[in-house]
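Novice: one predicted model, sequence on top.
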Amino acid sequence: ARKEVQAKLVKLNEEKGYGLRIELSREKKLRDEGEERRMRVLNEELVRLAEEAEIERRNREERGDNIFKKLMEEVARLQGVLVNERKMREQMESSMLKMLEDVCTRLQTDISQQRKERESAHSLSRLSCTAC
């Protein structure tokens, strides 16, 4: 009777152990499947993030190129403005110099003419004084 009870207990124990092993196996399988799903989702998320990062990098690069292009256009425009201003200044300086030269020439002509008139007048006054 004791051996029968022990045999039944062993059998019950083995059946419970077998049931627990099956349940553990199911739990492990569910855990593994869950882990696989999480890994798949994480991998997909990583791929998506990498693609977004690449798009953002290209956008930043493009914006940088656009900014550089605009800066170069502005530098070229300002250089053109400076060249035009220099040309205008040189033309104005040339015009002013010509006007000054013309004024100087007129003044010299006027001075020379007035000197001749004074010398003539002085010569006439000497002649008239010698006649006295």
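Specialist: Okay, I see it. These figures come from a predicted structure and were not determined experimentally. Numbers count the residues shown, from 1 in each chain.

Novice: tell me the centre residue of the chain?
Specialist: Closest residue to the average C-alpha location of the chain: Ile67 at 3.7 Å, with C-alpha atoms, centre = their mean.

Novice: please enumerate the strands of the chain.
Specialist: Read by DSSP state E, the chain holds no strands at all.

Novice: that one: helices as residue ranges?
Specialist: Counting by DSSP state H, the chain has helices at residues 2-131.

Novice: figure out how far stretch 21-31 is from the centre of its chain.
Specialist: Relative to its chain's centre, stretch 21-31 lies at 59 Å (C-alpha atoms, centre = their mean, to the nearest Å).

Novice: cool, and stretch 64-76?
Specialist: So, by C-alpha atoms, centre = their mean, the centroid of stretch 64-76 is 7 Å from its chain's centroid.

Novice: can you list the buried residues in that stretch?
Specialist: Across stretch 64-76, burial judged by 16 or more other C-beta atoms under 10 Å covers no residue at all. In short, each C-beta sits where N, CA and C put it, glycine included.
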